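Engineer: A structural model of the following input is requested.
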Amino acid sequence: MRPVLPLTLAVSAAVSGVAVACQAKSPPRAVEVVLRDAGDAPVLTLVRTAVGCTAEPGALVFTANGNVTSGNGFTFGPGPAGPELRGASGTIARVVTDQGPPRRLSIIDPIGVPMVRMTFAADGVTAVDAARAPVGRIEHAPDGLRFVAANDDATNVKGGLVTGAGDVALPDRFTIAAPLLAPAPLALPARALLACERLAALTPSVK
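Structural biologist: As a prediction, this is how the structure comes out:
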């Protein structure tokens, strides 16, 4: 079994934009998703654009055209056995979605071993490993969404946060946060690409 990267990350989403006084209708505002580490320091900021997303640090630019999302050496799109995440060296993972109910998403390595399987519910997302042993949950907390590892106790809970995205429905926030918080051995740009694909599919573009 491939090693699972230790993951204690926080995701916070906010809606950015400048309100214009006395304007009858405000222009669309970009949805911003911020990935934070265990100390709440920003690790990645993902922003919806007219053609996909940008991500910092690294000045990452992703383009989403509905079928293929690409950028910075990574591509996510149709493959022989379903949607694939590809890098310069070839296929990194397959992403298999079962709409259910319940909705399920599995990230599977190139030889067919699941890195993680996630099951979506109204109150959160449960993650299990290849042997279907629980590894954690993305939960809806008062301050946003949190990833809580299965072996964390109540006094040492640290996870993901999604706050301020009032225009994004809770199920969609879970869907966007899942690739960023999934306990799987994926590089940060690859996680950003997968999250951008969902962000572009579920939120309006910004001119």
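Engineer: Going by C-alpha atoms from here, please, whenever you check contacts or count neighbours.
Structural biologist: Noted.
Engineer: host element of D172?
Structural biologist: Here D172 sits within helix 170-181, counting by DSSP states H and E.
Engineer: which parts of that helix are buried?
Structural biologist: Buried residues in helix 170-181, counted by 16 or more other CA atoms under 10 Å: L170, R173, F174, T175, I176, A177, A178, P179, L180, L181.
Engineer: which helices and strands does that helix pack with?
Structural biologist: strand 10-16, strand 124-128, strand 134-141, helix 188-202 (3 or more CA pairs under 8 Å, 6 or more residues apart in numbering; DSSP states H and E).
Engineer: Contacts only, for P42.
Structural biologist: P42 sits next to V34, L35, R36 when contact means CA atoms under 8 Å, 6 or more residues apart in numbering.
Engineer: just checking, the last one touches V43?
Structural biologist: Yes. In this structure, R36 sits in contact with V43. The criterion is CA atoms under 8 Å, and the distance is 4.9 Å.
Engineer: before we move on, the earlier item: I'd like to know which of the contacts of P42 is nearest to P110.
Structural biologist: When the contacts of P42 are ranked by distance to P110 (CA to CA), L35 comes first, at 26.3 Å.
Engineer: what about the nearest residue to A200 once chain neighbours are set aside, neighbour count?
Structural biologist: Distances taken as CA to CA, 6 or more residues apart in numbering put G52 closest to A200, at 5.7 Å, once the chain neighbours are dropped. Neighbour count of G52, defined by other CA atoms under 10 Å: 26.
Engineer: export the helices and strands packed on helix 170-181 to a markdown table and tack on mean pLDDT?
Structural biologist: Putting the helices and strands packed on helix 170-181 into a markdown table (pLDDT from 0 to 100) gives the following:
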| stretch | mean pLDDT |
| --- | --- |
| strand 10-16 | 48 |
| strand 124-128 | 95 |
| strand 134-141 | 89 |
| helix 188-202 | 94 |
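Engineer: The ones you listed: which one's closest to A149?
Structural biologist: strand 134-141 (4.1 Å).
Engineer: Can you list the strands that whichever helix or strand comes after that closest one pairs with?
Structural biologist: Next along the chain after strand 134-141, taking DSSP H and E as the criterion, comes strand 144-149. Partner strands and pairing direction for strand 144-149 (DSSP bridges) are strand 134-141 (antiparallel).
Engineer: returning to what we had before: quick one, which of the helices and strands packed on helix 170-181 gets closest to G87.
Structural biologist: Short answer: helix 188-202, nearest of those by CA to CA, at 8.5 Å.
Engineer: Let me know the angle separating the closest one from helix 170-181.
Structural biologist: Following axes from the mean of the first three to the mean of the last three CA atoms, to 10 degrees, one obtains 160 degrees for the angle between helix 188-202 and helix 170-181.
Engineer: Which one of R36 and V43 is surrounded by more residues?
Structural biologist: R36 (20 against 16).
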